[in-house]
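# my questions are about this predicted structure, shown below with the sequence.
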Amino acid sequence: MKKLSQIITLALLAAACGKEKHEPVNQPGGAPAQVSNVQVENRNGTARITYSLPDNADVLYVKAVYELRPGKVREVKSSFYNNFLIVDGFGDTLKHNIKLYTVSRSEVASAPLDVEVQPKTPPVLLIRRSFKVREDFGAST
């Protein structure tokens with residue numbers, strides 16, 4: 001019986017000594033399709049962009065790239081579990097161009113889809129209008 005277990009162990013060790021082949025888990029494919037049915041909801045200092053994902057199991061996330069001011073580029077990502085993303089950080093009410101990319105599991109991005117947003121007045125400016133500084137307790141008379 002002991003001899004049989006030794007033979008089985010040697011056979012398993014010999015089978016396990018095969019050469020492994022290391023490859024990426026996700027094979028690089030073509031670029032995924034762009035998102036569709038894009039809708040923009042402008043908010044105070046932000047904008048919510050909703051979309052429909054392409055019918056592709058290889059999609060990992062959607063990325064928005066935009067410029068807050070000249071030279072200040074910002075990037076926001078949203079998982080494929082969501083159908084929206086929120087772009088924020090706007091300190092004005094001007095129109096801004098957002099580029100939406102669909103990115104695959106092998107980090108291949110689609111062609112950009114241009115979306116225009118025009119956020120409403122930022123909250124900090126709304127507060128500033130009604131903000132009053134006055135004395136509090138401990139002030140001298």
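Structure received.

# what are the phi and psi values for I127?
Phi and psi for I127, reported as degrees, to the nearest 10, are phi -70, psi -40.

# so how far is S110 from it?
39 Å (C-beta to C-beta, to the nearest Å). Placement of C-beta: from N, CA and C, glycine included.

# the two: which is more packed in?
S110 (21 against 9; other C-beta atoms under 10 Å).

# the more buried one and V103 touch, don't they?
Yes: counting by C-beta atoms under 8 Å, S110 touches V103, with 7.5 Å between them.

# joint contacts of the two?
Residues touching both S110 and V103 (C-beta atoms under 8 Å, 6 or more residues apart in numbering) are P32.

# most centrally placed residue in the chain?
Centroid check for the chain by C-alpha atoms, centre = their mean gives K77 as the closest residue, at 1.1 Å.

# secondary structure class for that one?
Under DSSP: H, G, I helix; E, B strand; the rest coil, the three-state class of K77 is strand.

# my guess is it meets I86, correct?
No: look at K77 against I86 with C-beta under 8 Å: they stay out of range, at 11.1 Å.

# mind jotting down where the helices sit in the protein?
Secondary structure of the chain (DSSP state H): helices at 2-16, 123-130.

# contact partners of the last one?
Outside of helix 123-130, the residues within contact range by C-beta under 8 Å, 6+ apart are N44, G45, G91.
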